[in-house]
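Visitor: Prediction below, plus the sequence it came from.
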Amino acid sequence: MSLPVTTLTHMSWLSDRKAKRAAKAATNEYNRLHAIWQEDVDTLTKLITVFTAASNGEDSVPNTLMQKKGEHTLWSATGIFHETGRTPSTYVGGSSGVSIPVVAGIRFRVGATKGTIIPGEELQIDKDRGVVMLTTERLIFTGPTKTQEWNFDKLLQLSTNEDETDYFISVSNRQKTSGVRFDSTTGREFNRFLGSATAAHEHGYAELLAELKKMQKEAIGAEPKLEVPSNVSQLS
């Protein structure tokens, strides 16, 4: 038994609608993946340019730093400086005693005060907003009220959060953990520059540049492709 024409038309319309939805979803996913890929390729290209300049004794960021011999600037952006601290302590308790009349209407209270001081919670506290500069030797923060630097030679630990926006740095010449925070796009780029800077500091420019160029070649070869569902291509 053959289906009525109206039923076939309805089924064709549903199939076409589903195919268009699938095509739109595939295009959106391609655009998302391609944007991530493009950002990675652009960052690798920038890294190669900057570290090639450093290997030739050139700065990539204009500055007024008192630079060490062989030190070159690599990267700079606006960020927030934070440091381990405590929230204000709180006082819980009361007082007991008696009040003694001094003159008419005025009394003087004497007695013991009883209570407890509760220390504030230890956490990372934002201290200042300013310029973060990365060089081949150190990371530097300069703000209106705070200046801090972290020398690569004294690094004990470097860590970041999942979205690569917040960085926590421990160094051997300070007890407090401190760090910097950025917006998401800046934070991702900073992560790659910081990793490359510490690698160059430890292994030299030649080894780093060879690795970066290898990664760039692999990234270009892995460009995402738009994959259209087979049922959509049959309709076109």
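Guide: Looks like it arrived, so ask away.

Visitor: so which strand or helix has Gln67?
Guide: Using DSSP states H and E, Gln67 maps to neither a helix nor a strand.

Visitor: Leaving aside the residues adjacent along the chain, what's closest to the spatially most central residue of the chain?
Guide: Nearest to the geometric centre of the chain sits Thr165, at 1.8 Å (Cα atoms, centre = their mean). Sequence neighbours aside, Gly187 is the residue nearest to Thr165 in space, at 3.9 Å (criterion: Cβ to Cβ, 6 or more residues apart in numbering). Every C-beta, even on glycine, is put in place using the N, C-alpha and C of the backbone.

Visitor: Strands along the chain, start to end?
Guide: Per DSSP state E, the chain carries strands over the ranges 73-86, 90-103, 106-118, 122-135, 138-142, 147-151, 155-160, 166-171, 178-181.

Visitor: got a pLDDT number for the closest residue to Asp40 other than its chain neighbours?
Guide: Excluding the flanking residues, the one nearest Asp40 by Cβ to Cβ, 6+ apart is Ala219, at 5.6 Å. We note a pLDDT of 89 for Ala219 in this prediction.

Visitor: One more: Lys68?
Guide: Reported pLDDT at Lys68 in the predicted model: 88.

Visitor: hmm, back to that, these two touch, right, the residue nearest to Asp40 and Val41?
Guide: Yes. Using Cβ atoms under 8 Å, Ala219 makes contact with Val41 at a distance of 5.3 Å.

Visitor: give me the low-pLDDT residue ranges for the protein?
Guide: Where the chain drops to pLDDT under 70, the residues are 1-15, 85-122, 229-236.

Visitor: In it, where's the longest helix?
Guide: Counting residues, the longest helix found in the chain (DSSP state H) is helix 5-55.

Visitor: and the direction of that one versus that of strand 122-135, what angle?
Guide: Per axes from the mean of the first three to the mean of the last three Cα atoms, to 10 degrees, the angle that helix 5-55 makes with strand 122-135 is 70 degrees.

Visitor: Helix 5-55 packs against which elements?
Guide: Helix 5-55 makes packing contacts with strand 73-86, helix 184-203, helix 205-221, helix 230-235 when contacts are defined by 3 or more Cβ pairs under 8 Å, 6 or more residues apart in numbering; DSSP states H and E.

Visitor: Any idea which of those gets closest to Trp37?
Guide: The stretch from these with the least distance to Trp37 (Cβ to Cβ) is helix 205-221; that distance is 7.1 Å.

Visitor: Now do the buried residues in the closest one.
Guide: The neighbour-count check on helix 205-221 (16 or more other Cβ atoms under 10 Å) flags 205, 208-209, 212, 216, 219 as buried.
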